[in-house]
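Novice: Sequence first, then the predicted structure:
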Amino acid sequence: MKKIISVLVAALMIITIAACNSNPAEPAASPAASPAASPAASPAASPAASPAASPAASSPAASQAAPPASAPGSTEPVAPAPNVKVGISLAMADDFTENMRRLYESMAGGYGLDVVAISNAAGDASTQIANVEALIAIHPDVIILRAVDAEVGDTLVEMICSAGIPIIVDETKPISNRDYDANVAGNQYVHGHLIGEHLKTYLAEHQDVTLNMLYINGGTSDNIRRRMNGILDIVGDSPRFNLIGDELGAWSASTAQEITEAYLTSTPEMNLIACANDEMALGVIETLKSAGKLNDIMVFGVDGSESGQRAVKAGELSGTTLNDVTIAVNIIYDLCQRLAVGEDVSRLYTNPDDREIDPKAYILLTPANIDTDGTLS
């Protein structure tokens, strides 16, 4: 009898790991990825509050969000799995990520999911590795990963997959590791395209203006740089548009402030600053206020965060591209249920090569439409 039980356990372990490593071209097994110590001993992974006790999400739609009958691209309803345990690893300590955390907590109950832990790396890759080790020790049914950057994403996916846990990557796609089960990620190019179209209209309406743009990027990955490329593809060839700088702000408001201060001195003709997220755009705004230049320089951000939308409403931020994360969380939680019952989700991919599902949830918010299309209550 003991021999039979041992065979059955071994078979179940093989099946679990095979499901995680469904891409044979890129095996994820790594002897270096060992389970971490108990999460109780690691302050990085704090237990998530019960959805019923969590604060309401900032998006008006979030508190009313109900599980869709199926994920995008499928007409088949999900058969709910009972007691699905979910672990979540977040990347940044900013307003956008805090809103995501609230959404994850408040929407889990509608899907019958138990969020056993949410950790936040606050932008530090080594902290996120420790956080994910703690999540693996809990061994939830699914781990949702929003990596600090694409490079550490490779390591984290390998760690999780080696533990035999299904993975949903939120946005930040690893450089080369495609052993995750799905990547729920919008087309980053669209962020820039929306801003570029707005600037194209602005140039058409202001024939005497030449735009001299400083772009402050958040990261160095090709995927993130598409936010800038979307702008350049629309207005980059205009004789009245110049890219005067492409700097790395590392998603930090304070770094963006330092960059802005330097350019105000070295490049006084600057009249447009676009940033890869709202956090950096808000830092830019503070610097421009101090220099008395806020009315002279347009500023754009990305994410449509609460603070970003408030700045648009106040007339300080020229625009931000709203990333409606409520839609993304709905898709992610639907996938959690599907993966928990062993469903093959490949038919849902909008980009099969990267196992990507695009939530298609972007809109440019400006002072002209913030009251009708914004999500502030």
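Specialist: Everything's here; your move.

Novice: where do the strands sit along the stretch 201-350 of the chain?
Specialist: Using DSSP state E, counting those that start in this stretch, the strands of the stretch 201-350 of the chain run over 211-217, 241-248, 272-275, 298-303, 319-323.

Novice: The fourth one pairs with which strands, parallel or anti?
Specialist: When you say that, I think you mean strand 298-303. strand 272-275 (parallel), strand 319-323 (parallel) (DSSP bridges).

Novice: Quick one: mean pLDDT over the longest one.
Specialist: Mean pLDDT, strand 319-323: 93.

Novice: residues making contact with that strand?
Specialist: Identification of contacts with strand 319-323 by C-beta atoms under 8 Å, 6 or more residues apart in numbering yields 96, 186, 190-191, 194-195, 198, 278, 281, 300-305, 308-309, 311-312, 361-366, 373-375. Placement of C-beta: from N, CA and C, glycine included.

Novice: Would you pull up how far that strand lies from the middle of the chain?
Specialist: 14 Å (C-alpha atoms, centre = their mean, to the nearest Å).

Novice: hey, which of the strands paired with strand 298-303 is tucked in deepest?
Specialist: strand 272-275 (a mean of 29; mean count of other C-beta atoms under 10 Å).

Novice: Render the CA-only coordinates of that strand in CSV, please.
Specialist: The C-alpha trace of strand 272-275 is given here as CSV (Å, rounded to 0.1, in the frame of the first residue of the first chain):
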residue,chain,number,x,y,z
LEU,A,272,6.8,69.7,-23.1
ILE,A,273,7.6,67.0,-20.6
ALA,A,274,6.1,63.5,-21.0
CYS,A,275,6.6,60.8,-18.4
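
Novice: Buried ones among the contacts of strand 319-323?
Specialist: Among the contacts of strand 319-323, those classed as buried by 16 or more other C-beta atoms under 10 Å are 96, 186, 190-191, 194-195, 198, 278, 281, 300-305, 308-309, 311-312, 361-366, 374-375.

Novice: Where in the chain is the helix or strand with the lowest mean pLDDT?
Specialist: When each helix and strand of the chain is scored by mean pLDDT, DSSP states H and E, strand 45-46 comes last, with a mean of 36.

Novice: shaky segments in the stretch 51-200 of the chain?
Specialist: 51-80 (pLDDT under 70).

Novice: Tell me where the stretch 151-300 of the chain has helices.
Specialist: 188-205, 222-235, 253-266, 278-291 (DSSP state H, counting those that start in this stretch).

Novice: Just the buried residues of the first one, please?
Specialist: Using 16+ other C-beta under 10 Å as the test for burial, helix 188-205 gives 188-196, 198-199, 203.

Novice: With distance to Asn271 added, can I get those in TSV?
Specialist: TSV is the format used below for the buried residues of helix 188-205 (distance: C-beta to C-beta, whole Å):
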residue	distance to Asn271
Gln188	25
Tyr189	24
Val190	25
His191	21
Gly192	18
His193	21
Leu194	20
Ile195	15
Gly196	16
His198	15
Leu199	11
Leu203	12
